[in-house]
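# predicted model follows, preceded by the sequence.
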Amino acid sequence: MKIGNRKISLENPPLVIAEIGINHGGDLNVAKHMVDLAAGSGCEIIKHQTHFIEDEMTDEAKQIFPPNADVSIWEVMENCVLTADEEIELKRHTEGLGMIYISTPFSRKAADFLDDIGVLAFKIGSGEADNLPLIRHIAAKGKPVIMSTGMQTIETIGRSVAILDEVGIDYALLECTNLYPSPAEIVSLRGVTELKQAFPNAVVGFSDHSIGPEMALASVALGACILERHYTDSRYRKGPDIINSMDPAELRLLIDRSKEIWIAANNPKQRSKDEDAVYLFARASVVADRDLTKGHVIGVADIWARRPGSGEIAGYDFDKVVGKRLTRSVKRNTQLKWSDLA
């Protein structure tokens with residue numbers, strides 16, 4: 001999968017997405033400040049949320065209260081949206097700092113708007129992961145799609161994935177749990193593995209709503225190629241998503257540590273050249289465990305393996321020495337050589 005010039009695969013370091021979402025509270029200057037700090041943390045990609053409320057919700061939404069807010073979902077979005085012109089400016093600002101700008105369209109109008117302003121990819125949130133008409137509309141744009149799969153099972157997400165496969169676009173599926181925050185008791189790291197097995201055409205990642213970076217980092221060892229977390233300049237801000245948002249320092253930690261885990265997860269099981277100095281002293285060599293005379297046939301009680309490993313016969317060759325006849329006399333603790341054995 002590729003977004004702009006950024007390749008996303010098991011052969012590349014994980015892509016860490018900083019989701020500003022609605023954490024700016026509808027203030028463009030705050031949003032730009034968050035972007036500035038993200039750039040300073042080494043972030044490659046910023047994700048926003050694009051809301052045109054009248055095209056996104058019906059009046060019934062004014063009676064629905066999210067578990068992480070004390071006002072209706074309509075009011076939450078009404079208080080946090082950027083205007084179309086403000087979002088264009090936020091995209092310009094983000095790209096001016098060398099980062100990729102993507103967003104989640106929550107409506108048909110939002111998807112058309114984002115396509116018009118030239119986003120390189122679309123994010124589909126968990127709430128829209130089974131919104132088949134919206135997914136068809138977004139997929140028809142022909143751009144890569146990143147889709148979270150919270151509140152879904154392998155079976156229920158299948159119809160949505162089929163749409164992406166039919167269109168033939170690149171896509172990623174993110175394991176996700178939609179509770180803010182998500183405790184370990186309901187987070188599924190195993191879901192990363194199950195998504196990989198069920199959907200071999202997908203790049204697989206992890207959209208994290210837990211507190212702290214641990215779950216996202218653990219997912220890298222299981223093959224997550226994308227890590228997405230909510231992001232804010234300060235956790236002292238108010239907002240429904242702040243509680244499970246990372247700040248710039250944690251963003252930097254997630255970027256750096258996920259790359260280290262990715263590197264280590266792809267290293268084969270072998271002795272590295274850098275271990276040679278340790279190998280020399282840490283391993284054992286076969287030695288005489290008592291004074292032995294020339295011609296003596298070595299028994300198990302005659303030898304032992306002791307540090308350092310500089311001897312010619314390593315401890316793992318202990319059994320090969322037993323039963324051999326000595327070609328010379330040796331003192332206790334003498335490192336044996338193959339030439340000592342007839």
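Perfect, thanks for sending it.

# spatially nearest residue to Q335, not counting backbone neighbours?
G311 (3.5 Å; CB to CB, 6 or more residues apart in numbering). (Each C-beta comes from the backbone N, C-alpha and C, glycine too.)

# does E275 fall in a helix, a strand, or a coil region?
helix (DSSP: H, G, I helix; E, B strand; the rest coil).

# from Y180, how far off is it?
Distance of E275 to Y180, given as CB to CB, to the nearest Å: 44 Å.

# neighbour count for those two, which is higher?
Neighbour comparison, E275 and Y180: the larger count goes to Y180, with 19 against 11 (by other CB atoms under 10 Å).

# list the contacts for the more buried one?
Contact analysis of Y180 by CB atoms under 8 Å, 6 or more residues apart in numbering lists 67-68, 209, 240-241, 243-244.

# just put those residues in TSV and tack on neighbour count and distance to T83.
Shown next, in TSV, are these (neighbours: other CB atoms under 10 Å; distance: CB to CB, whole Å):
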residue	neighbour count	distance to T83
P67	7	28
N68	16	25
H209	26	28
P240	20	21
D241	23	20
I243	13	27
N244	19	27
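
# about what we covered before: isn't the residue nearest to Q335 up against R283?
No. G311 is not in contact with R283 according to CB atoms under 8 Å; the separation is 9.3 Å.

# which neighbouring elements make contact with the one helix or strand in the chain whose mean pLDDT sits lowest?
Ranked by mean pLDDT, DSSP states H and E, the weakest helix or strand in the chain is helix 73-80, scoring a mean of 90. If you count contacts as 3 or more CB pairs under 8 Å, 6 or more residues apart in numbering; DSSP states H and E, helix 73-80 packs onto helix 53-56.

# average pLDDT for the helix it packs on, rounded please.
Across helix 53-56, pLDDT averages out at 94.

# what comes up buried for it?
53, 56 (16 or more other CB atoms under 10 Å).

# give me the residues contacting that helix.
With CB under 8 Å, 6+ apart, helix 53-56 has contacts from 74, 77-78, 81, 106-110.

# just the CA atoms of that helix, as CSV, please.
The C-alpha trace of helix 53-56 is given here as CSV (Å, rounded to 0.1, in the frame of the first residue of the first chain):
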residue,chain,number,x,y,z
ILE,A,53,-23.5,17.9,10.1
GLU,A,54,-26.7,18.3,8.1
ASP,A,55,-25.5,15.7,5.5
GLU,A,56,-24.2,13.4,8.2
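
# what sits closest to V35 if chain neighbours are left out?
T94 (5.2 Å).

# ok, that neighbour - contacts?
Applying CB under 8 Å, 6+ apart, the residues near T94 are 35, 46, 100-101.

# average model confidence for the top helix by length along the chain?
Ranked by residue count under DSSP state H, the longest helix found in the chain is helix 248-265. Here helix 248-265 scores 98 as its mean pLDDT.

# for that helix, which positions count as buried?
For helix 248-265, using 16+ other CB under 10 Å, the buried residues are 248, 250-255, 257-259, 261-262.

# shouldn't G205 be in contact with E175?
Yes. Look at G205 against E175 with CB under 8 Å: they come within range, at 7.4 Å.

# put the alpha carbons of the strand or helix carrying S160 into PDB.
Per DSSP states H and E: S160 is located in helix 154-167. C-alpha atoms of helix 154-167 as PDB (Å, rounded to 0.1, in the frame of the first residue of the first chain):
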ATOM      1  CA  ILE A 154     -14.600 -10.900  10.800                       C
ATOM      2  CA  GLU A 155     -17.900 -11.900   9.400                       C
ATOM      3  CA  THR A 156     -19.600  -8.400   9.500                       C
ATOM      4  CA  ILE A 157     -16.600  -6.600   8.000                       C
ATOM      5  CA  GLY A 158     -16.500  -9.000   5.100                       C
ATOM      6  CA  ARG A 159     -19.200  -7.200   3.000                       C
ATOM      7  CA  SER A 160     -17.400  -3.900   3.300                       C
ATOM      8  CA  VAL A 161     -14.000  -5.500   2.400                       C
ATOM      9  CA  ALA A 162     -15.700  -7.000  -0.700                       C
ATOM     10  CA  ILE A 163     -16.500  -3.500  -1.900                       C
ATOM     11  CA  LEU A 164     -12.900  -2.500  -1.600                       C
ATOM     12  CA  ASP A 165     -11.700  -5.600  -3.400                       C
ATOM     13  CA  GLU A 166     -14.200  -5.200  -6.200                       C
ATOM     14  CA  VAL A 167     -13.100  -1.700  -6.900                       C
END
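
# ok, now how distant is the residue nearest to V35 from P105?
From T94 to P105 the distance is 17 Å (CB to CB).

# show me which positions of stretch 18-25 end up buried.
Neighbour-count burial for stretch 18-25 [16+ other CB under 10 Å]: 18-24.

# and for it, what are the contacting residues?
So stretch 18-25 is contacted by 30-31, 34-35, 38, 41, 43, 45-49, 51, 76-77, 79-82, 104, 228-232, 237-242, 245-246, 251 (CB under 8 Å, 6+ apart).

# now swap in stretch 81-91 and tell me
By CB under 8 Å, 6+ apart, stretch 81-91 touches 22, 24, 26, 28, 31-32, 35, 48, 50-51, 53, 101, 103, 113, 117, 119.
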